[in-house]
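Novice: Sequence first, predicted coordinates after that:
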Amino acid sequence: MEELDAYSRTVSTVAAELTPRVAAVRFGRGSGSAVVVAPGELLTNAHVVGRSDRGRADFADGAQVPVRVAGSDPLSDLALLRADEPLPDPARLGEADALVVGQLVVAVGNPLGLAGSVTAGVVSALGRALPTRDGAAGRVVEDVIQTDAALNPGNSGGALADARGRVVGINTAVAGTGLGLAVPINATTRRIVETLRREGRVRRAYLGVVGAPAPVPTVVADRYGRRNGLRLAEVVTGSPADRAGLRRGDLVLDVGRTPVEDAQGIQRQLFGDAIGRPLPVTVLRNGAMVDVVAVPTEL
């Protein structure tokens, strides 16, 4: 009974802290939740706002605040909202990279304008990938958090918090019966949010490769201390990668002098500041190390 009481106290404390800071938001036909993350600003999902530029945030205390979309990034499924009227104090942000499987998490949303919806569960998996699209462009949201805290569509854009009430994710999708996914709050997300705040959109660089993780041959692995790389299954004709001389079958080891083991490792190098700048790439080809320099274009 004592364990249940401790658990209940933790969940109710997190709920009490976050419920006032999570709003129900409506944009045309779209609706969901949003979290106050900075003075005058809320964070939600890009799929909640859709193509709308203005909406309304309804808080648990009955306050209704007009909001406008300061920036939206469908490829990370994040949107930053701005309000000209006072908002509740911001929620505290945590660090998703510090989560471990089995850790308690609490999902707080405000679906359909009802007073805060709270569910609790554990981190059931880490490092999941969530495919996203924006027109013809596709991307994988990396390091997505999987939880068994029950979610429903109205929770999209709401907070996923740790036991100390720090927001570690933005709930984004129902992954199946009893499973939900959340975009992590980490260094990549913070960079995206800051870019949305400053520029209203996120520019991304384009390299033009498709690949899958693959082991590095033992001889090379022992010599360079690298166990895995990214095997290129496709190099798009005429792309920056093609012009640089990358080939199908190459095993990518480094991009931008940073080790790469999967597609996300390349994605981390392809933000706006990489556009038009030389990007060194090291691959293993026919047993030999080959260095090339690609110049990414804008996606």
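Specialist: That came through, no problem. Numbers count the residues shown, from 1 in each chain.
Novice: What's the local residue count around the closest residue to A96 other than its chain neighbours?
Specialist: Closest residue to A96 apart from its sequence neighbours, by CB to CB, 6 or more residues apart in numbering: P184 at 3.3 Å. All C-beta spots, glycine's among them, are computed from the backbone N, C-alpha and C. Residues lying near P184 (other CB atoms under 10 Å) number 24.
Novice: Return the residues in contact with P184.
Specialist: Counting by CB atoms under 8 Å, 6 or more residues apart in numbering, P184 makes contact with A96, D97, D143, V144, I145, V168, G169.
Novice: swap in R257?
Specialist: For R257, the contacting residues are P280, by CB under 8 Å, 6+ apart.
Novice: one step back: separate out the buried members of the contacts of P184.
Specialist: A96, D143, V144, I145, V168, G169 (16 or more other CB atoms under 10 Å).
Novice: what pLDDT does the first one get?
Specialist: On pLDDT, A96 comes in at 93.
Novice: Is it in contact with T188, as I believe?
Specialist: No - the criterion here is CB atoms under 8 Å, and A96 misses it with T188 at 9.8 Å.
Novice: what sits in contact with each of these two?
Specialist: D143.
Novice: Flag the shaky bits of this protein, pLDDT-wise.
Specialist: Within the chain, the stretches falling below the threshold (pLDDT under 70) are 1-4, 112-115, 133-140, 142, 174-177.
Novice: what about 50?
Specialist: 1 (pLDDT under 50).
Novice: Tell me which residue lies nearest the centroid of the protein.
Specialist: V183 (3.8 Å; CA atoms, centre = their mean).
Novice: Quick check: it vs S31, distance?
Specialist: Here V183 is placed at a distance of 18 Å from S31 (CB to CB, to the nearest Å).
Novice: just A244 next, same as before
Specialist: When A244 is compared with S31 (using CB to CB), they lie 45 Å apart.
Novice: do A288 as well
Specialist: Separation of A288 from S31 (CB to CB): 56 Å.
Novice: Also L43?
Specialist: Distance from L43 to S31, by CB to CB: 16 Å.
Novice: Comparing these two, which residue is more hemmed in?
Specialist: Between L43 and S31, counted using other CB under 10 Å, L43 has the larger neighbour count: 26 against 21.
Novice: what are the bridge partners for the more buried one, then?
Specialist: V35, L80 (DSSP bridges).
Novice: Hmm, it is touching L78, no?
Specialist: Yes - with contacts counted by CB under 8 Å, L43 reaches L78, the gap being 6.6 Å.
Novice: Quick check: neighbours shared by these two?
Specialist: With CB under 8 Å, 6+ apart, L43 and L78 have common neighbours I170, V193.
Novice: Who are the packing partners of the strand ranked longest in the chain?
Specialist: Using DSSP state E, we find that the single longest strand of the chain is strand 117-134. Using 3 or more CB pairs under 8 Å, 6 or more residues apart in numbering; DSSP states H and E as the contact criterion, the elements in contact with strand 117-134 are helix 2-18, strand 104-109, strand 137-147, strand 167-176, strand 179-184.
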